[in-house]
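# This is the structure alone, sequence omitted:
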Ligand SMILES: Cc1ncc(C[n+]2csc(CCOP(=O)(O)OP(=O)(O)O)c2C)c(N)n1
Ligand SMILES: CC(=O)[C@@H](O)[C@H](O)COP(=O)(O)O
Ligand SMILES: [Mg+2]
């Protein structure tokens, strides 16, 4: 913990108003103290780390120069907003970050007036900012709108959709491109190479040059597009011109995003410009100011609690392999036998386990950047040529490529294999990252085969099953985190499509699980037995096609049938209910209930706490059985932990 010779200033700052009362010479000290506070806080809470360190100066400078929250400040993704939260009245709660009831790990409208837009999925800031700028113009407002977007987030199509619109509308919007030459992993794509050329070719603009750039723009108020075209034709815009200028933005930079002597005057000039959209290109270092994070920006993108002095993270010793690693290892084994297998990720190589596949098969691995829509249709193109693409995208991020799933994959029944990690509740990342909807949004699509692994051994067989499905798309869902510690098979054996399995024979109650809630069903069945209730447990394995014989048999032979899944309404339980209703099984004595996530967005907590709140743990299953039987459920009679 760095100590400061001068009187600490951060303690005197509750909101940016307090910051703006300081002299400009004091801003550097505030930034230094802010960096230390960020390091200390995250060492206690864990969470996203490198990105926030990289924008300490930028955060301080923006809040010093602009009149936030009247001036709207939007952080793209929002994972870098911890320093922003410290400066905007949340320092007292910063050590509750990402814990139940504590601060969100991203910006959140309900958390603060200084968070005008919620984030977490990337590349939304320019669109939201343009919306706010146009609303301001329509209302006769005068405030500024600033969107801070990273170089990684600039690899997503949505950012170009927004810039394309903003450039044509000539609306006053300030985009700050925070270019640290990192995504989670090193950045990929032509845009990343272009940005590197921009700042390596020109080196940093000196302050004088940046001021000259601004000066070139200041006297000109380009009233409309026609004038702008004329100005272009007179070579008015920057020498050579950048992509951003071609899109109608004034481009300023690249400038050193850690040098307050440059940041402050440039932002002040930009603030006072009465022109169309401006892009300020700042170059920063992810992890700036903390050695271990500077040295290994990808490993310190997100951290668990760590020792500040050494940077050593308190990694818990897992008692089972992580699902993402089981996926990567299984895919490697399958690819050793099949040279048509391809691995695709959208900027999440380590999170999806595709990094494991990349080490073994670098020429068959593609990281397309933060571009899920492209990833899906890229995979579809590969599939048309006989390849076997495994498109590994988190459930929540696959939402961004949904039309591509429907239009380019399902309708054409192309054999794209979707490896859907982070299915179900993910915990600290909260509602924006919960994989709640893929059962519903995929289950309604014809042609799909849809599986859920109940444990890591099942997952190995399901990867092998996907390899073998060559005439239609398939999806395999599995949760964030570790497996159950079950015995692992040497090789994956393809499962019979549409066949589930009975895990435990019983009589009165049937628990039909889809996915990893199976473990909770087993605990619940033990508890129910203690209350004299005999329970059958079945693992559906497939949501599409359903194992109709098994399910209809369960319905015929049991008084109560519960389905359990880690997903919203409209998923597995709905499909089972449809089957039972269509077969007249709901017309008589069977008491059927579908246990799903509640119809609310659940705030962050530990996954266990969230599933407990959702009633999808063993206790919740027992309670549901009692309720369905019309028995009084006395929680105190339940011995479950
Ligand atoms: C649509 C979407 N896909 C993937 C992610 C996962 N993700 C979170 S941050 C990040 C990298 C962002 O890079 P950049 O914008 O450069 O920000 P930096 O971390 O470098 O500050 C990614 C891929 C996401 N948040 N949203
Ligand atoms: C900010 C972001 O979207 C990613 O960093 C995400 O938080 C990663 O999630 P996992 O930690 O589950 O890989
Ligand atoms: Mg970056």
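Yep, that arrived. A quick note: this is a predicted structure, and the numbers were derived from the prediction, not measured. Numbers count the residues shown, from 1 in each chain. Ligands and ions are numbered 1, 2, ... in the order given.

# which secondary element of this protein has the worst mean pLDDT?
Comparing every helix and strand of the chain by mean pLDDT, DSSP states H and E singles out helix 225-233 as the least confident one, with a mean of 43.

# Give me the nearest residue to the residue in the stretch 51-200 of the chain that ligand 3 sits nearest to, chain neighbours excluded.
Scanning the stretch 51-200 of the chain for the residue nearest ligand 3 gives residue 150, at 3.8 Å (criterion: CB to the ion). All C-beta atoms are positioned from the backbone trio N, CA, C, and that covers glycine. Nearest-residue entry for residue 150: residue 178, 5.0 Å, with adjacent residues in sequence omitted and distances by CB to CB, 6 or more residues apart in numbering.

# Run through the bridge partners of that neighbour.
Judged by DSSP bridges, the bridge partners of residue 178 are residue 150, residue 282.

# dump the residue contacts of whichever residue of the chain sits closest to ligand 2.
For the chain, the residue positioned closest to ligand 2 under CB to the nearest ligand atom is residue 351, at a distance of 3.6 Å. Counting by CB atoms under 8 Å, 6 or more residues apart in numbering, residue 351 makes contact with 184, 324, 394, 421-422.

# how long is stretch 585-595 from one end to the other?
This stretch, stretch 585-595, spans 18 Å end to end (CA to CA, to the nearest Å).

# Show me the contact partners of it.
Outside of stretch 585-595, the residues within contact range by CB under 8 Å, 6+ apart are 552, 555-556, 558-565, 569, 572-574, 576-577, 579-580, 615-616, 620-621, 624, 628-629.

# do you know how far residue 246 is from ligand 1?
Noted for residue 246: a distance of 22 Å to ligand 1, by CB to the nearest ligand atom, to the nearest Å.

# what's downstream of the least confident helix or strand of the chain, the next helix or strand?
The element immediately downstream of helix 225-233 (helix or strand, assigned by DSSP states H and E) is helix 243-246.

# Which positions within that next one qualify as buried?
Neighbour counts over helix 243-246 (16 or more other CB atoms under 10 Å) mark 244-245 as buried.

# With stretch 119-136 instead?
For stretch 119-136, burial by neighbour count (16+ other CB under 10 Å) applies to 119-134, 136.

# Over to stretch 462-480?
Those buried within stretch 462-480 under the rule 16+ other CB under 10 Å are 462-469, 472-480.

# so is the closest residue to ligand 1 within the stretch 301-450 of the chain in a helix, a strand, or just coil?
Nearest residue of the stretch 301-450 of the chain to ligand 1 (CB to the nearest ligand atom) works out as residue 347 at 3.8 Å. Of the three states, residue 347 takes coil under DSSP: H, G, I helix; E, B strand; the rest coil.

# isn't residue 277 right next to residue 165, touching?
No - between residue 277 and residue 165 no contact is recorded; they are 9.7 Å apart, counting by CB atoms under 8 Å.

# Same drill for the two, tell me which one is more crowded.
The residue with more neighbours, out of residue 277 and residue 165 and counting by other CB atoms under 10 Å, is residue 277; that gives 28 against 17.

# Any residues of the stretch 401-550 of the chain in contact with ligand 3? List them.
Of all the residues in the stretch 401-550 of the chain, not one is in contact range of ligand 3 (CB under 5 Å from the ion).

# which stretches of the stretch 401-550 of the chain have low pLDDT?
Judged against pLDDT under 70, the stretch 401-550 of the chain has no low-scoring part.

# Where do the helices of it begin and end?
For the stretch 401-550 of the chain, helices defined by DSSP state H, counting those that start in this stretch occupy the ranges 402-403, 438-443, 456-468, 518-530, 548-557.

# hmm, who's touching the shortest one?
Spelled out, that is helix 402-403. Contacting residues not belonging to helix 402-403 are listed as 373, 441 [CB under 8 Å, 6+ apart].

# That helix and ligand 1, are they touching?
No - shown here: helix 402-403 not in contact with ligand 1 (CB under 6 Å from any ligand atom), separated by at least 12.1 Å.

# circling back: which one of the contacts of residue 351 is nearest ligand 3?
Proximity of these to ligand 3, judged by CB to the ion, is greatest for residue 184, which lies at 8.8 Å.

# how distant is whichever helix or strand residue 355 is part of from the center of its chain?
Assigned by DSSP H and E, residue 355 belongs to helix 354-360. In terms of CA atoms, centre = their mean, to the nearest Å, the gap separating the centre of helix 354-360 from the centre of its chain is 21 Å.

# Next: stretch 6-13.
Relative to its chain's centre, stretch 6-13 lies at 35 Å (CA atoms, centre = their mean).

# If we go by neighbour counts, what in that stretch is buried?
When burial is assessed from 16+ other CB under 10 Å, stretch 6-13 yields the following buried residues: 9-10, 13.

# Relative to residue 43, which of these is nearest.
residue 10 (16.7 Å; CB to CB).

# So which bits of the stretch 101-250 of the chain are right by ligand 2?
For the stretch 101-250 of the chain, the residues in contact with ligand 2 (CB under 6 Å from any ligand atom) are 120, 184.

# all strands for the stretch 101-250 of the chain, in order.
145-150, 174-179, 250-256 (DSSP state E, counting those that start in this stretch).

# Let me see the mean pLDDT of the second one.
Averaging pLDDT along strand 174-179 yields 98.

# My guess is residue 523 contacts residue 618. True?
Yes - with the criterion set as CB under 8 Å, residue 523 and residue 618 qualify as a contacting pair; they are 3.7 Å apart.

# Could you check which of the two has the larger neighbour count?
When neighbours are counted by other CB under 10 Å, residue 523 and residue 618 differ, and residue 618 comes out ahead with 23 against 16.

# you'd agree the more buried one is up against residue 624?
No - using CB under 8 Å, residue 618 makes no contact with residue 624, being 10.7 Å away.
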